[in-house]
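Trainee: 3D, please:
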Amino acid sequence: MAEISRRDFFKRTIASGVAAGLVLSGGEKAAEASTGSEPAGTFIDMTLCDGCKDLDVPLCVSSCRAKNRERFPQPVQDIPNYWPQDKKEDWSDKKGLTTRLTPYNWTFVQKAKVEHNGRVQTVNMPRRCMHCTNPPCANICPFGAQEVTKEGAVLINPETCFGGAKCRDVCPWGIPARQAGVGLYMKILPDYLGGGVMYKCDLCIDLVRAGKDPACVEACPKGAVRFGPKSEMLAQAKGRAGEINGYVYGEKENGGTSTFYVSPVPFEKIDKALMAQKAKQPNPEAPGFPGMPVNPGNFLDTPNGIAAGILVAPIAGIFTAGYRAFKTMKGDDADDSQV
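Mentor: As a prediction, the model looks like this:
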């Protein structure tokens, strides 16, 4: 992106937003994305996943890292703190970490031991963005940096993300990971505005649009991760759960997602085991190690969520319109949704 002055950026942002007139809210974006062809879904069969026990890194994880390596953040050396706080989220010295979600690791495999019906079972769970049907993250971003595509993918645009982490705050799993020292805020007000850029799984949207499976699906040697039309994936998940007298996760959580897990043990027990693991970590409050809360509500369905969406929509619309107008003026009209 061409270098811009602060005055020019804000002037064109406001002017273009006012000229746009009509603001498309996050809820309307989700509704618009659902029209046309059916969105995709993912079915993860936990009875088949063994976490690639003979490998140092599960193949779904290594394939995701290899596919997205060129898009990983490259922060400045002297990263400013996240004003007004005396801290920052910097994972650049932990680029090789594969046991949690980070800006450099968009999927990982959790393992838990659960006692159920008198026996202890070990379950493995590939974790990444759930790609919710009506994601609060996309609706609550004040800079309009997120969108829901017609394919069902929830995307973060690193070109417009300021790393405020509101998306992570309203995600029941705390999925998006923040890297400081990168992004648009470094070009405008690095000492006072923003905290970096949020990163997460984008469902390999470029591959999906080319008619291919996401990298993690293609790489799974056990066929534990399946990909296809959302209704078909949910039907397969329910069918498999019926076969093993098991449990489905993802159909109702957060108002519904496009990712469905099937487990031989209750997810309430899995969540409890994961939270016990997290409590024993050196920094239990560190993001990137999600639980599996059963049927958490969607923030957008609460009074505070409705109010926040109404307040945020005009700001997001103005900012997005201004940013796109500025890129057009500079001759850079690339499709941001695929970056």
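Trainee: and residue 114, what element?
Mentor: Element membership of residue 114 [criterion: DSSP states H and E] is strand 108-116.
Trainee: Show me what that strand is packed up against.
Mentor: Contact partners of strand 108-116 among helices and strands, from 3 or more Cβ pairs under 8 Å, 6 or more residues apart in numbering; DSSP states H and E: helix 59-68, strand 119-127, helix 267-279. Bear in mind the C-beta positions are built from the backbone N, C-alpha and C, glycine included.
Trainee: and residue 106, which of the ones you listed is closest to it?
Mentor: helix 59-68 (5.6 Å; Cβ to Cβ).
Trainee: So which residues of the chain form helices?
Mentor: 6-20, 26-33, 59-68, 136-140, 166-170, 185-188, 205-209, 215-219, 230-244, 267-279, 303-330 (DSSP state H).
Trainee: Mean confidence (pLDDT) on the longest one, please.
Mentor: What that stands for is helix 303-330. Averaged across helix 303-330, pLDDT comes to 56.
Trainee: low pLDDT regions in the stretch 151-300 of the chain?
Mentor: 193 (pLDDT under 70).
Trainee: again, only this time at 50
Mentor: Residues of the stretch 151-300 of the chain meeting the criterion pLDDT under 50: none.
Trainee: got the contact list for residue 51?
Mentor: 58, 109, 111, 124 (Cβ atoms under 8 Å, 6 or more residues apart in numbering).
Trainee: Also residue 274?
Mentor: 110, 112, 289, 290, 291, 292.
Trainee: Tally up the residues packed near the fourth one, please.
Mentor: Read that as residue 290. The number of residues packed around residue 290, counting by other Cβ atoms under 10 Å, is 22.
Trainee: With the last one instead?
Mentor: The tally of other residues near residue 292 (other Cβ under 10 Å) stands at 25.
Trainee: Surely it and residue 254 touch.
Mentor: No - counting by Cβ atoms under 8 Å, residue 292 does not reach residue 254; the two are 11.9 Å apart.
Trainee: about what we covered before: save the helices and strands packed on strand 108-116 as JSON lines, and put in distance to residue 97 too.
Mentor: Shown next, in JSON lines, are those (distance: least, Cβ to Cβ, whole Å):
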{"stretch": "helix 59-68", "distance to residue 97": "11"}
{"stretch": "strand 119-127", "distance to residue 97": "14"}
{"stretch": "helix 267-279", "distance to residue 97": "15"}
